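>>> Quick one, fold the following:
(chains A and B)
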Amino acid sequence: MALVLSGQGEKTSPLLKWTRKYSAYLCYPLALVGMLWLLLLPSQTFSRRAYFSENAMMPSQANSKFGDEQHLTTMHRIDTALSTADKLSSPETRAHALLSVFEAIGLDSEIQRFAFEEVPGIGETKGTNVHGILRAPRSDSVEALLIAAAWTTFENKTNINAVRMMAGLAKFASEQVYWAKDVVFVVTDSGEKGIEAWLKAYHGINKAAPIHVRSGILQAAISLELPPAKSYEGLGLYFEGKSGELPNLDFINIVQHISRVQRIPAYLHGMEDAPYGASFFDQYKQSAKLLLRQVRSQAISLSVGVHAPFLRYRIDALTISGLVPSGDPIALQNSLVGSSVPGMPAPATIRAIGRTVESTMRSLNNLLEHFHQSFFFYILPANQRYISIGDYIPAAGLMIASLLVQAMHLWWMQGSDDLRSDSPRTRIERMNKYYSFLRKTLPSSIGIVLRVHALGALLFAIPMIIPQAVLTHTTSTAYVFTMALASISMVLHISDIYWAPKARSLVDWQQLKAIVELYVAVTIACLSVMNFSLAVVMFGITGLPLVLTRVCSFTRRAYRIANLLMLLATSPVCILALSRTALLGLSPFDFTSNPFRMFLEDFHNFSSLTYPLLCLVYWPVNLLCIVVVLVP
Amino acid sequence: MGDNTAYSTAMCARHTSCRSCVTERNCGFFGDNNVCVPGDWLKPHGNYTGAGDSWRYFHGQCYVSTKVEFVLLPSIFGLAILAAAIIALWRYWPAQWCGLSSNDDHLSCATSDGAAEGAHDHRHSYHTAEHMPLLIDNDPGSRYIENANTGPVPMSRSNNKATLQQVEHMAGTGSVGASFEEQYGSCSGDNGDAQSEERLSEFLTGDGHTNNWAVLVCTSRFWFNYRHMANTLSMYRTVKRLGIPDSHIILMLADDVACNPRNRCPATVYDHPKKITDLYGDNVEVDYRGYEVTVENFIRLLTGRVTPETPRNKRLLTDDKSNVFIYMTGHGGEDFLKFQDSEEINSYDIADAFQQMWEKQRYREILFVIDTCQANTMFSKFYSPNILSIGSSEKGENSLSYFHDYDLGVSVIDRFTYVNLKFFETLDMASKHTMTDLVSTYNYSQIRSHPGVRTDLFKRALDKTYLTDFFGAVQNVELTREPFPIGKKQ
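Okay, the predicted model is just below:
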């Protein structure tokens, strides 16, 4: 505050004077260094080698024994049960087939039937979950580990291999005496939403579809995703939650370590490292690619497997996914004939994956409490390497600082020049002028901000109010474009008001921009400690355009137009249309499914932050930037 | 059959020397008349009579005659001797056993000449012991009989003819010297009361130790610290095997591994992947269990500042004649040792506790052994006399584990403790090994850290300090002719 007030000719220290002198230019190097910092992250020198922080886990310290004849037989039993249940036909018969297998192994099993809405107002979809609980033979049921799978994979293939694997593991686990925690096996037919419904019921929130066979607190969960294949060339690890939550780093480390011991290495996001001895540039490229995938998963909650809902309930979870080699016979066959039950993977593959899961479960079983030793905030630039929060958060700090410094400078610069004289004689006079200036302009600045946010709130609320069925059938993209037009016309209207000669003195663009910058800085600062990727993305789409808005006095109309074009390029409509191609692999003209709907779905089902941020921060800030450019 | 015999006869007859004859499976050699004939190892085949019955018949080898008498007669002799031995053992067994369990120096009487005659009297030696509660009671409140440490003296033959009286007391074998009656008069008739009194007082005021105690502390908890519990239980087993009874062992153990649900072999603790010795097998008395293992309890135990309601098995009932062995293991660092992930004891705490013990005359000598990371720092602050300290690793060094059991999924023993235990396995109650022998077994290549021995507070030389002074307590047998005159002459 002293800094801000000192602009009005108060007593100043040399440092303050220096800051004031260069504040106009300081924000650019700050933002630049912040972004350079981000660019440094993929280089190997920045990251450290992963290590096990928790002593109790003891990964790969015990012989793994999965893969007996009996376990393979149990896996086949899934096929037999399914073939009598008319081959994957209805979810109900499929669930009963699985239930019979679970019960034959000796698990406490139950079928949960539930209904959910994908987006509000669209009507309910029915789903079925089956779960079986293996009671720890010599322990009380106060803690549990969980293995989950969906019937279909992320790429919409059958996930029957994972279900088979679960049956085999259940059989194996039922033979062991060393469980200190119950082991829960969950199979859902509705993907993440099914798991969410199950978790709600498990924790007693879902009163409509309760479950009765329960265990203790869920300590950790592994989700399996094994597309049809004869063998896998490796495993992919996916770990980001719906709002950028991450499982404890120890969990990822032990899975990476164990899978290496079992000779079926698990790669982060299924990406191998650059080969040993690769050039710095190749390594950098590979790391950058991996980091960008994490940013994508964290920022827009695009996840593989069904681990994401668990993280919301403070259950450390990740997905282990099989990487299908090109030209795999079963994968090829299955892509040709969609409906038939694909063949079993090779026994060696089954053994390797089964033992990886077994060994991981045994390691988790050794845990005495929740994962707590290692990092919860990290980014992973390569397999078995990590960057801790202390090493990457300065980047966010610098970006926020650039916003704040510019806001400070603009606050000093608001109003006419005679407010900024250093002469002590005119101090009282200046104070009075300053007061009357603020009195006049501040209400209109805040009014503009509120009006634009009201528009954002409307955008946010419409899907909750109007039945979504109408929107889906007309295409929600059309609705987004309508909103875009509405907001642009509002912006034009607002800026038009203040071009009138009488209203000119009511608005000061510097003041308006300073307020918006403060607001954005606070938002990004909060985000950066929760979801760093989203914070970086937010800076890229709101903070940076904001810093670059109206950097010079508009002596020519061309400057103003260029600035407007930049803001339109970073506007939500443009970015969403571009990102659907870049991120989701959709055509820009495929209007049936769009990111907007995806975000809405995540918000409705998992309270993901992306949708509210889009409606309440990103969109309004972009509009406010346009207002800043357009006002006199 | 006849053809066969004729054929074999011909085959055998070809051989003229014993050496070639015995190479045929079906031939035997008569040494007297140098003929080779058909036959098995026992005798020549039935119808062969040509060579008569020589005593020198060889089959398969040319050294020992296998003639039937030479096989049978020794067998009969052997059986007869075995039978005699069994009968003798059956009859004289208690005397034999008693002799074997005590010190070698005292045995000569009990095992050799005294055994046969004294055997039948031995049975009421247990009864006579009851008449002398003062001598067998280990209560620190009472005084103890102890031996001066002079050299071994063989018993005279005359003692063995007299009635044998057994006197039991607790003492380390190392300091056990002359036999009881030799020093204090075995026969009151021969020596007279004055001499007996004199020797008794000398005995009671000697400066040797009279009782051994062990405090074994595992300061860790949780399944992954299995090895610390195994360390402690192994040490417990060893001191118990070497003769310290449960009443003199304070075992502090979190005790959560044997019945941990994670234990693949429920209710067992092993210190070796081969799982031969179950350390949790039978007769394990844990005095401080689970959450009772705290710094406060440990210090209270050492200094004797326990609440009045504390049971005897949770008290260290030592006196100024007690040799105390203290073993600690767990996770530590420079000048501290963690107690169960919740608190720490530091080296000053232990040093002060020992000083209090010394001031309160609660020990004669202490052997402090600690196996933890940077263990040598833990005894660096000691300042009380008569403490010998051994630690597993120097400052800045880790103490590492030795065996890993891939079945259980945990490490089962630490290196330093393993080296110690391995050496102790070669000991028995009567062994004469000294501290020097123990310390000389430490080598970096096996322990992977540098064990430290602190001797400046300890008055005796290490090569004069027997291991059994601390690790063993032997119930010595003292033989007197008549009941010892305690109480009679007060």
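
>>> what sits against the residue in the stretch 301-450 of chain A positioned nearest to chain B?
Chain B sits closest to A:L368 of the stretch 301-450 of chain A, with a gap of 5.6 Å, by CB to the nearest CB. C-beta coordinates here come from the backbone N, C-alpha and C atoms, glycine included. Contact partners of A:L368, counting by CB atoms under 8 Å, 6 or more residues apart in numbering or on different chains, are A:56, B:222-223.

>>> what's the helix or strand for B:E397?
According to DSSP states H and E, B:E397 maps onto no helix or strand at all.

>>> And A:V187, by the same measure?
strand A:182-188.

>>> same thing with A:L235?
strand A:234-238.

>>> So which elements touch the next helix or strand after that strand?
Downstream of strand A:234-238, the next assigned helix or strand under DSSP H and E is helix A:249-261. On a contact count with 3 or more CB pairs under 8 Å, 6 or more residues apart in numbering or on different chains; DSSP states H and E, helix A:249-261 meets strand A:234-238, strand A:266-268, strand A:316-323, helix A:347-366.

>>> so how far is the helix or strand containing A:F281 off the chain centroid?
Assigning secondary structure by DSSP H and E places A:F281 in helix A:280-300. Counting by CA atoms, centre = their mean, to the nearest Å, helix A:280-300 is centred 15 Å from the centre of its parent chain.

>>> Would you mind identifying the next helix or strand past that helix?
helix A:308-312.

>>> what sits up against that following helix?
A:146, A:148, A:192, A:195-196, A:199, A:218, A:221, A:223, A:240-243, A:245-247, A:301, A:316-317, A:606-607.

>>> Now do the buried residues in that helix.
A:308-312 (16 or more other CB atoms under 10 Å in any protein chain shown).

>>> how about those residues in CSV, adding pLDDT?
As requested, the buried residues of helix A:308-312 are arranged in CSV below (pLDDT from 0 to 100):
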residue, pLDDT
A:A308, 94
A:P309, 94
A:F310, 95
A:L311, 94
A:R312, 92
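
>>> Now the phi/psi pair for A:Q112, please.
Per-residue torsions, A:Q112: phi -110, psi 130 (degrees, to the nearest 10).

>>> Any idea what it is bridged to?
Taking DSSP bridges, one obtains A:N129 as the residues bridged to A:Q112.

>>> just the one 4 residues further on next, same as before
Partner residues in beta bridges with A:F116: A:T125, with DSSP bridges as the criterion.

>>> contacting residues for it?
Here A:F116 is in contact with A:124-125, A:127, A:190, A:193-194, A:196-197, A:605 (CB under 8 Å, 6+ apart).

>>> Just the buried ones from the residues you listed?
For the contacts of A:F116, buried by 16+ other CB under 10 Å: A:127, A:190, A:193-194, A:196-197, A:605.

>>> could those residues be laid out in JSON lines, adding distance to chain B and pLDDT?
Converted to JSON lines, those look like this (distance: CB to the nearest CB, whole Å; pLDDT from 0 to 100):
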{"residue": "A:G127", "distance to chain B": "34", "pLDDT": "93"}
{"residue": "A:S190", "distance to chain B": "34", "pLDDT": "90"}
{"residue": "A:K193", "distance to chain B": "35", "pLDDT": "93"}
{"residue": "A:G194", "distance to chain B": "31", "pLDDT": "94"}
{"residue": "A:E196", "distance to chain B": "31", "pLDDT": "94"}
{"residue": "A:A197", "distance to chain B": "31", "pLDDT": "94"}
{"residue": "A:N605", "distance to chain B": "36", "pLDDT": "90"}
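
>>> I'd like these as CSV, with secondary structure appended.
Formatted as CSV, the buried ones among the contacts of A:F116 follow (DSSP: H, G, I helix; E, B strand; the rest coil):
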residue, secondary structure
A:G127, strand
A:S190, coil
A:K193, helix
A:G194, helix
A:E196, helix
A:A197, helix
A:N605, helix
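
>>> With distance to B:Q340 added, can I get these in CSV?
Below are the buried ones among the contacts of A:F116 laid out as CSV (distance: CB to CB, whole Å):
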residue, distance to B:Q340
A:G127, 47
A:S190, 46
A:K193, 44
A:G194, 43
A:E196, 39
A:A197, 42
A:N605, 44
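
>>> A:C615: neighbouring residues, count only.
Here the number of neighbours of A:C615 (other CB atoms under 10 Å in any protein chain shown) works out to 26.

>>> doesn't A:L455 make contact with it?
No - using CB atoms under 8 Å, A:C615 makes no contact with A:L455, being 9.4 Å away.

>>> Could you tell me which residues of chain A lie near chain B?
Residues of chain A lying close to chain B (CB under 8 Å from any CB of the partner chain) are A:55-56, A:58, A:61-63, A:136-139, A:176-180, A:362, A:365-366, A:368.

>>> hmm, try it at 7 Å
Within chain A, the positions lying close to chain B (CB under 7 Å from any CB of the partner chain) are A:55-56, A:58, A:61-63, A:136, A:138-139, A:177-180, A:362, A:365-366, A:368.

>>> what about B:S322, how many neighbours?
25.

>>> do A:R580 as well
So A:R580, with other CB under 10 Å, has 21 neighbours.

>>> Could you do A:A348 as well?
The tally of other residues near A:A348 (other CB under 10 Å) stands at 12.

>>> Also A:Q70?
So A:Q70, with other CB under 10 Å, has 12 neighbours.

>>> What score does the nearest residue to it once chain neighbours are set aside have for pLDDT?
Take A:Q70 and drop its neighbours on the chain: the residue closest to it by CB to CB, 6 or more residues apart in numbering or on different chains is A:K171, 6.3 Å away. Note for A:K171: predicted pLDDT of 95.

>>> now B:L251: how far from B:K314?
Distance of B:L251 to B:K314, computed by CB to CB, to the nearest Å: 10 Å.

>>> oh, I was asking about B:Q195
From B:Q195 across to B:K314, the span is 43 Å (CB to CB).

>>> Could you do A:M166 as well?
Distance from A:M166 to B:K314, by CB to CB: 50 Å.

>>> the more surrounded of these two?
Each of A:M166 and B:K314 has its neighbours counted (other CB under 10 Å); A:M166 has more, 28 against 16.

>>> Check what contacts whichever strand or helix holds the more buried one and list those residues.
A:M166 belongs to helix A:160-175 when assigned by DSSP H and E. With contact meaning CB atoms under 7 Å, 6 or more residues apart in numbering or on different chains, helix A:160-175 is reached by A:66, A:70-72, A:74-75, A:77-78, A:98, A:101-102, A:105-107, A:132, A:134, A:147, A:149, A:179, A:183, A:185, A:187, A:224-226, A:228, A:341-342, A:344-345, A:353-354, A:357-358.

>>> The same query, at a cut-off of 6 Å, please.
With contact meaning CB atoms under 6 Å, 6 or more residues apart in numbering or on different chains, helix A:160-175 is reached by A:66, A:71, A:74-75, A:78, A:101, A:105-106, A:134, A:147, A:149, A:183, A:185, A:187, A:224, A:226, A:357.
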